[in-house]
Each structure stands twice: as C-alpha cells, then as structure tokens.
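K.L.:
Build me a structure from this.
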Amino acid sequence: MSSVIASTRFSVLDRSRTREGRPTGEALRDTVGLARELEELGYHRVWVSEHHGVPGVAGSAPTVLAAAVASATRTIRVGTGGVMLPNHQPLVVAEQFGVLESLFPGRIDMGLGRSVGFTDGVRKALGRDKGDAEDFAAQIGELLDWFRGTSPTGVHARPSEGLTVPAFVLAMGEGADIAARTGLPMVIGDLRNREKMQRGIDHYRDRFQPSAWAREPYVVISGSIAVAATPEDARRLLVPEAWAMAYSRTHGTFPPLAPAERVEAPAMTDKERGFYEGGLAGHIAGTEEQVAHELETVLKETQAQEVLVTTSTYDREALVDSYRRLARITSA
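P.N.:
Next up, the predicted model:
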C-alpha cells in the first residue's frame, strides 16, 4: 500500500437510502447494521444525513439515528453529514449534540450543512426559506458559543456547555470560505468534479484562520467509491443511484433505489439517458488495484487528510463487499 493511502483516514456517510419493495424502516436498520460492519472493518467514522420529504431517503432525523448507531457500536466515531443548521435553532442543535457526547463521550462528530430543503413545500413545512442559508456562518458561531458558554443571552446550554464536539462544515457553494473563516475542518465533494473541488480546497487552506476547534486546516474529500471483483461489477454498483438522480432531474422526485438490472432494461428518453450517463461518470470505481491507483492520485493532488465515502446501491451485500474490499486497500 502507498504511504499516502496509509496515512489517510477513511470514513463513511450512509444516507439510509430506501429500496424498491422494501419498507422504509428497513433502510434505517440497514444503516445501523452497516455501522457495525464498518467498525469491524476499521473505518474511522460513520455519519448519517438529514433529508426531508424525500421518498428515496429515510434519514430525516440525524441526531436520533446517530444515537441508534452509537448505541449499536463501541469504538467507531459517529456523526452527521450533516445537520442542516438553517432548519434548526442553534441552541437545540447544541443540546442534541451535548446529549450525544454525554452518552457516548469522545465518539461524536457534528457535521453541519446549510441546505434548507429541496422544494418549496418542504421549506414551508420547516418554516424556512432559501434566505435562511445566508446566515449559515452566524448560526455556526452561535452554535459554538453554546458549547463555549459565551452566548450573550445569559442562557446556558445543558449538558453542552464545556463539552468539545468536533464540528465540520459541509462545503457547498460558499462553504469553503465559511469553514476557513470559522476555523473548522471542511468536508468537500464531489470526486466527479476535481478541478472545482481543488479550487475549494485551495481557497480553504489559503484563508484558514486557526481556532480553538482546529489549529490548522483539515480537509475531508467525499464521493462515491465502488470496489468489486471486476470493473463491470463496480460500475453496476453505481447504476441504482445514477438512475435515481436522473429520474429526480426529469420527474421532480427522488425515488427509492431500484435493482441495477431493472434500471438497465427499459428504454430511456434522451434527456434521461444524458443525466444517467452523467451520473455514472467520474466516480472512483473498479477493482482493488484500479481503485488503489486512483485513490493515490487523488490524495496526492488534494493532500486531504480523510476520505468520506458516500456510495449508495440497491444490493446491500454488494455494498458491504465494496466496503470490505476498500478496507483491504487502506489497511494492506
């Protein structure tokens, strides 16, 4: 194994993707089960996500799911990728993570994003609008103040005050600049657009301001990585998610994952085909040897300290096998 891979942490974000013909709750139980397997395989952390009103995603309450994951595991770090801070009052977020850190000391991460929902209906139901995302930096500052006990309100967050919960900024749009100004680690994707990703990383490192939360820049790159016995099998792992993305862009709703063979059987419109092929392109996928070579290239380019793998597919056994093969690459 190359030294650059050996010195890099590997973690997983599982979005609790629903699957055709399966109950929604099964996706949440699968996330908990996957976390146990990832812990055994030696991954550094496992994160869960926040989505609202999306048929293809069961994970709508990340701190609740993170508690279930942490209860089912022993050593792996557990967190969120992320809690969408504009959807919540910072005090409530601080309290939730304070409870998690108190229950599972030294194992909790606080990944923070700025999305306010995919549709007008979801934003209305949340009582938010697109403009709320503009206050993201101020909301992060308020959230961290609750942990420091420096809120000007005179109120104290319990049991959060005085606790240290590592915070990460999900770098979408201006996120790299916000992460740099607030002195926090940054999670940036995706691997399919490496020039844009590299610009964000360079911007973050150039403008990083050390803080009590991070003395120097810390970069986590994220994206899908599929490892299988053959390149064709690895590509098939990517098919269900690529079709779900294509369907969402042509039909306006993000569906549950479908089996690869069902996706490839029916004819697609030219528009669907374009989005579908685009969704298959640019990921790191192939045999263990091919993926190791591609990972070494990306890590040398980005100098990232960590990789957050975000792969989703219909076949859960194939997904676990992919993570098992990736673990062999990173621990060989």
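
K.L.:
looking at this, residue 204 is in a helix?
P.N.:
Yes. Residue 204: assigned to a helix according to DSSP: H, G, I helix; E, B strand; the rest coil.

K.L.:
roughly how far apart are the residue nearest to it when sequence neighbours are not counted and residue 226?
P.N.:
Once flanking residues are discounted, residue 204 sits nearest to residue 176: 4.4 Å by Cβ to Cβ, 6 or more residues apart in numbering. All C-beta spots, glycine's among them, are computed from the backbone N, C-alpha and C. In this structure, residue 176 lies at 26 Å from residue 226, with Cβ to Cβ, to the nearest Å as the measure.

K.L.:
what helices or strands is the helix or strand harbouring residue 329 leaning on?
P.N.:
Using DSSP states H and E, the secondary-structure element containing residue 329 is helix 316-331. For helix 316-331, the helices and strands in contact under the criterion 3 or more Cβ pairs under 8 Å, 6 or more residues apart in numbering; DSSP states H and E are helix 3-6, strand 9-14, helix 24-41, strand 225-227, helix 231-251, helix 288-302.

K.L.:
Quick one: list the elements packing against the last one.
P.N.:
Contacts of helix 288-302 with other secondary structure elements, assessed using 3+ Cβ pairs under 8 Å, 6+ apart, are made with helix 3-6, helix 194-207, strand 219-223, strand 225-227, strand 284-286, helix 316-331.

K.L.:
swap the cut-off to 6 Å and go again
P.N.:
The contact analysis (3 or more Cβ pairs under 6 Å, 6 or more residues apart in numbering; DSSP states H and E) places helix 288-302 against helix 3-6, helix 316-331.

K.L.:
same question, the third one
P.N.:
Judged by 3+ Cβ pairs under 6 Å, 6+ apart, the packing partners of helix 24-41 are strand 9-14, helix 62-72.

K.L.:
who does the shortest one pair up with?
P.N.:
So the one you mean is strand 9-14. Taking DSSP bridges as the criterion, strand 9-14 sits next to strand 45-48 (parallel), strand 306-309 (parallel) in its sheet.

K.L.:
In the first one, which residues are buried?
P.N.:
This points to strand 45-48. In terms of neighbour count (16 or more other Cβ atoms under 10 Å), strand 45-48 has its buried residues at 45, 46, 47, 48.

K.L.:
Contacts made by it with the rest, please.
P.N.:
Contacts made with strand 45-48 from outside it, assessed by Cβ atoms under 6 Å, 6 or more residues apart in numbering, are listed as 11-13, 35, 38, 59, 62, 65-66, 76-77, 79-81, 111.

K.L.:
of those, buried ones?
P.N.:
Neighbour counting over the contacts of strand 45-48 (16+ other Cβ under 10 Å) leaves 11-13, 35, 38, 59, 62, 65-66, 76-77, 79-81, 111 as the buried ones.

K.L.:
Please verify my assumption that residue 255 contacts residue 20.
P.N.:
No. Residue 255 sits out of contact with residue 20 when judged by Cβ atoms under 6 Å, with a separation of 7.9 Å.

K.L.:
quick revisit: how far off centre is the helix holding residue 329?
P.N.:
Here helix 316-331 is found 18 Å from its chain centre; the criterion is Cα atoms, centre = their mean, to the nearest Å.

K.L.:
now stretch 95-115
P.N.:
Relative to its parent chain, stretch 95-115 has a centroid offset of 15 Å by Cα atoms, centre = their mean.

K.L.:
How about residue 280: what's its closest non-neighbour residue?
P.N.:
The shortest distance from residue 280 to any residue other than its chain neighbours is 4.7 Å, reached at residue 242 (Cβ to Cβ, 6+ apart).

K.L.:
low pLDDT regions in the protein?
P.N.:
Segments of the chain classed as low confidence (criterion: pLDDT under 70) are 1, 117-118, 130-133, 173, 332.

K.L.:
Dump the strands paired with strand 9-14 into TSV; add distance to residue 142 as well.
P.N.:
What follows is the strands paired with strand 9-14, written out as TSV (distance: least, Cβ to Cβ, whole Å):
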stretch	distance to residue 142
strand 45-48	22
strand 306-309	26
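
K.L.:
quick one, which of the ones you listed is nearest to residue 273?
P.N.:
Across the strands paired with strand 9-14, the minimum distance to residue 273, taken as Cβ to Cβ, is reached by strand 306-309, at 27.0 Å.

K.L.:
contacts for the closest one?
P.N.:
Under Cβ under 6 Å, 6+ apart, the answer for strand 306-309 is 9, 10, 11, 12, 13, 220, 221, 222, 225.

K.L.:
ok but residue 169 is inside a strand, no?
P.N.:
Yes. With three-state DSSP as the criterion, residue 169 is assigned to a strand.

K.L.:
so the residue nearest to residue 280 makes contact with residue 281?
P.N.:
No. With contacts counted by Cβ under 6 Å, residue 242 stays clear of residue 281, the gap being 8.8 Å.

K.L.:
So between the two, which is more surrounded?
P.N.:
Remark: of residue 242 and residue 281, residue 242 carries more neighbours, 22 against 10, as counted by other Cβ atoms under 10 Å.
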